[in-house]
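**Student:** Provided below are the primary sequence and the corresponding predicted coordinates.
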Amino acid sequence: MNTATPSSPALSAQPPRRLVWRWLLAILMLLVALGTLWFAWLVRFPWHLESFDSAKVAQLTPEKRAAYEQELFSEVLHWFRPTQRYPTWEPNYYLPREQRWLEMANDGFELAHIVLRVVQPGAGKKYNAGPAFKRLEALAEQGDQGAMCLMQSLSIIASPRDVTPQIDERARHWMVEGAKLGHPECLLMQGGRMLVGSDGQPMDPERGKALIFESVRKGYTHGSGMLAEHFKEQGLDDFADVKRVYCWRIWGAKVHQAMEPMKSVRYAVEQDAPAALRAELLNQLNELREWDPKVEECVALSRED
């Protein structure tokens, strides 16, 4: 028989049951919080992606690497959006893009592997871009012009929390360096910024157009839509203006999914051209319906500006 009274030493030495449960609950909450943090850290890395096999780099010819670079740069900013190469009507149109980039990486093209370390088109996921930026910096230091340009591209599509002011500065630095060396993508990016004076570049439309034209001549026509927009903003005061915009819209539509070029330019004329000239300009534009210009024709038309 327990003869201890409520105030006896035997009962006072036993910890209150409520206090024990509070401690257990606190420990459980701490474990849940730690587990959540660990999981959040875990999913920031592309564990599904195998390491890049650097031994395959030597098997990639300069010509094939150049072709891979042009294809990658035409798609990377649209990694989770449809393009003509990966249109909306294809089933799971983002997965083929991911598979294609993986194919390039397995062929020894490291830049494609670096992009896949940051974004996964098939799942719409973004991963920690820090290691990718470090690798691009190392490659750029070694003279890899594609890496110089890709740093700028990844700074645009990566998660904002991974793009520090230092990363921004290095991306701009390498973009300019790559442009000096004549890489088409860096020329395109710097030229586009000089059209409007953004991202640390001075506003110099003439110089900007010259850089973009040089890029276009090297096959990097995915910036054509940028030129079409630039010339549209300059005004549609005569047929030369309309024809120039239409020319670049045609080339832009060869890469990106957008409004049909004729429909797009007709709408622009109806909205922006002088009212007294609209009917005449629309009739002249309609005569170009079967026009399939070479990119050099667009450049020539633009030099008349």
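**Tutor:** All right, it came through fine. Everything numeric in this text was worked out from a predicted model, so none of it was measured.
**Student:** Tell me which stretches of the stretch 151-300 of the chain form helices.
**Tutor:** Ranges of helices in the stretch 151-300 of the chain, per DSSP state H, counting those that start in this stretch, are 165-180, 184-196, 205-217, 224-234, 239-253, 261-272, 278-286, 295-303.
**Student:** ok, the most centrally placed residue in the chain - contacts?
**Tutor:** In the chain, the residue lying closest to the centroid (C-alpha atoms, centre = their mean) is residue 77, at 2.3 Å. Taking C-beta atoms under 8 Å, 6 or more residues apart in numbering, we find residue 77 in contact with 153, 156, 157. Where C-beta positions appear, they are placed from N, C-alpha and C, glycine not excepted.
**Student:** Nearest to residue 84, out of the helices of the stretch 151-300 of the chain?
**Tutor:** helix 239-253 (7.6 Å; C-beta to C-beta).
**Student:** ok, and what's touching that closest one?
**Tutor:** Residues from elsewhere that reach helix 239-253, judged by C-beta under 8 Å, 6+ apart: 84, 221-222, 224-225, 227-228, 231-232, 234-236, 258, 260-262, 264-265, 268-269, 273, 281, 284-285, 288, 291-293, 295, 297-298, 301-302, 304-305.
**Student:** hmm, back to that, are we agreed that the residue nearest to the centre of the chain is in a helix?
**Tutor:** Yes. Assignment of residue 77 by DSSP: H, G, I helix; E, B strand; the rest coil places it within a helix.
**Student:** quick one: residue 24 from residue 16, how far?
**Tutor:** 13 Å (C-beta to C-beta, to the nearest Å).
**Student:** just to revisit the earlier point, winner for burial among the helices of the stretch 151-300 of the chain?
**Tutor:** Ranked by average neighbour count under the criterion mean count of other C-beta atoms under 10 Å, the helices of the stretch 151-300 of the chain are headed by helix 184-196 at a mean of 24.
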